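Undergrad: here is my input; please provide its structure:
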Amino acid sequence: MASVPPTSPDTSDDWPGKRLGLPASGPRSVGRLGRRIGALVVDWIPGYIISLAFFGGDPWVTLWIFAGLQVLFIILAAGSIGHLVFGMRVVPVKTGWIGVWRPVVRTMLLCLVIPAVIWDHDQRGLHDLAAGTVLVRV
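TA: Have a look, this model is predicted:
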């Protein structure tokens with residue numbers, strides 16, 4: 001008689017964002033890692049180009065330009081340039097306007113890097129948890 005290997009619990013009925021009331025896929029689902037990385041690369045490009053053109057590519061200036069663009073675009077368009085290119089938006093977990101403080105807090109923690117790479121079950125980084133936001137697909 002062949003032995004049956006142990007099975008893992010069925011997790012097909014669980015997905016990132018389920019606890020937040022978000023769908024498993026499609027519009028309003030949590031933005032996945034591939035899109036996030038692509039968006040981050042796109043977001044660094046204008047910051048680096050501006051820094052290189054006017055400040056000799058100073059890394060601290062590049063970081064400040066990146067942060068400024070993040071805050072500005074999240075306030076005005078609910079997403080950074082990269083988010084918009086990759087079809088994502090930053091939205092508050094609770095309904096309403098994103099406001100000004102959420103993009104500022106989220107961006108400050110994003111610039112520290114570590115909070116952005118520590119995720120919860122819903123694939124929200126600590127920067128999103130602190131700001132009360134979630135990155136969703138459009």
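Undergrad: and the lengthiest helix in the chain, what does it pack against?
TA: Among the segments of the chain that qualify as a helix by DSSP state H, the longest is helix 33-55. Contact partners of helix 33-55 among helices and strands, from 3 or more Cβ pairs under 8 Å, 6 or more residues apart in numbering; DSSP states H and E: helix 59-77, helix 81-85, strand 88-92. No exception for glycine: its C-beta is placed from N, CA and C like everyone else's.
Undergrad: which one of these lies nearest to residue 39?
TA: helix 81-85 (3.1 Å; Cβ to Cβ).
Undergrad: was I right to think residue 32 contacts residue 135?
TA: No: the pair residue 32 and residue 135 does not pass the contact test of Cβ atoms under 8 Å, sitting 9.4 Å apart.
Undergrad: higher neighbour count, these two?
TA: Neighbours around residue 32 and residue 135, counted as other Cβ atoms under 10 Å, are more numerous at residue 135. The numbers are 24 against 15.
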